[in-house]
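In: Quick one: sequence plus predicted model below, questions after.
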Amino acid sequence: MSVPRTRGPARPAATRRAPARTAAALLLLGAVAYTAWVLELVLATGLDPVQAYVSELAAADQPLGGLFRATDLVAGILVLAGAAAALLTTERRPWATAGWAALALFGAATAVDSRLPLSCAPTSDPVCAARETAGLVPATHTAHAVSSSCAMVGALAALALLTVAARRHDRWPLLGRFGPPLLLAEVAATIWTLASVAAFTAGRGTWALGAGQRLQVLLVAVYVAVLAGCVARSGPSGAAREPRTAGDGDAGAAGDGGRGGDGGGEAGGEADGEGDGEDGREGRR
């Protein structure tokens, strides 16, 4: 006879949800820090928000460059930490796990991006633009382009994968509802930004590059904030389930055994009854 396994008392719901709430808080703070560029609405940066790259706010020659580099670094670290915390507490569903990994890539690339600032602002400084075209700018310009591309690839992948996870597993209802339109808007903003960058590089103007890129990064921040709300309410992999204790399983097994025994007794009783009836009939003959 097997010895029943015993388990310790179930942890309170608040204790089980603590890691999820930590991850949610990190993600929400990261989303807020990632929108620090809106400070240009109240601070004199000297850059045109409609035309200038967002990263030009953090350029080495800008008066507020240090502030925006710091906020980018903080945003990247917070999102990376939030995604890592979610990965450690997730149920390892493939779509969700891949999505958290992509979000971690976004956070890491954003943090690295903040350490590789542009040396000048090409959209507002013709001399800087000419030097960039001639390849006379520091290598950080190329490195910055690579890290920014990695960040956007990670963001797009995270948006797509986590949205699929929310809808496929019927979890995070808010993300399942708003994820698809946010993803489509993000793709459209990314296409706008890439087309504007190509036009600017070819000397055909900026095509409102700054507006497109600001919409792009704003949508990422909104998505991360929505994701944080979903995680805070239902955990990194969706709604938490109450743990099943060993006692419940044993009771269920015992109940099934009892029902089997009753069934056996009923069958035996019916068989005896039929046998007695046959004996009686034989006697009457």
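Out: Looks like it arrived, so ask away. Residues are numbered from 1 along each chain as shown.
In: Need the nearest residue in space to residue 209, chain neighbours excluded.
Out: Nearest residue to residue 209, sequence neighbours excluded (CB to CB, 6 or more residues apart in numbering): residue 196, at 3.7 Å. Where C-beta positions appear, they are placed from N, C-alpha and C, glycine not excepted.
In: What of residue 127?
Out: Of all residues not flanking residue 127 in the chain, residue 120 sits nearest, at 7.8 Å (CB to CB, 6+ apart).
In: picking up where we left off before, from memory the residue nearest to residue 209 sits against residue 204, does it?
Out: No. Counting by CB atoms under 8 Å, residue 196 does not reach residue 204; the two are 9.7 Å apart.
In: Just want to know which of these two has more residues nearby.
Out: Set residue 196 next to residue 204 and count neighbours by other CB atoms under 10 Å: residue 196 wins out with 22 against 10.
In: For the more buried one, identify the helix or strand it belongs to.
Out: Element membership for residue 196, per DSSP states H and E: helix 173-201.
In: just checking, what packs against the helix or strand following that helix?
Out: The helix or strand immediately downstream of helix 173-201 is helix 209-234, counting by DSSP H and E. Judged by 3 or more CB pairs under 8 Å, 6 or more residues apart in numbering; DSSP states H and E, helix 209-234 is in contact with helix 13-34, helix 65-89, helix 140-168, helix 173-201.
In: and the shortest one with helix 65-89, angle?
Out: In other words, helix 13-34. Between helix 13-34 and helix 65-89, the angle comes out at 150 degrees (axes from the mean of the first three to the mean of the last three CA atoms, to 10 degrees).
In: For residue 53, grab the count of nearby residues.
Out: Residue 53: 25 neighbours (other CB under 10 Å).
In: from memory it sits against residue 125, does it?
Out: No. Between residue 53 and residue 125 there is no contact under CB under 8 Å: 11.8 Å.
In: What score does the residue lying closest to residue 21 once chain neighbours are set aside have for pLDDT?
Out: Nearest residue to residue 21 in three dimensions, chain neighbours excluded: residue 232, at 5.5 Å (CB to CB, 6+ apart). If you check residue 232, the pLDDT there is 92.
In: List the contacts of residue 232.
Out: Counting by CB atoms under 8 Å, 6 or more residues apart in numbering, residue 232 touches 20, 21, 24, 25.
In: so the first one sits right up against residue 231, yeah?
Out: Yes. Between residue 20 and residue 231 a contact is recorded at 5.5 Å, counting by CB under 8 Å.
In: Overlap of the contact sets of those two?
Out: Counting by CB under 8 Å, 6+ apart, the residues touching both residue 20 and residue 231 are residue 86.
In: Give me the more crowded residue out of those two.
Out: Ranked by neighbour count (other CB under 10 Å), residue 20 and residue 231 place residue 231 first, with 30 against 22.
In: Per-residue pLDDT of the closest residue to residue 33 other than its chain neighbours, please?
Out: The spatial neighbour of residue 33 that comes closest, neighbours along the chain excluded (CB to CB, 6+ apart), is residue 75 at 3.7 Å. Note for residue 75: predicted pLDDT of 98.
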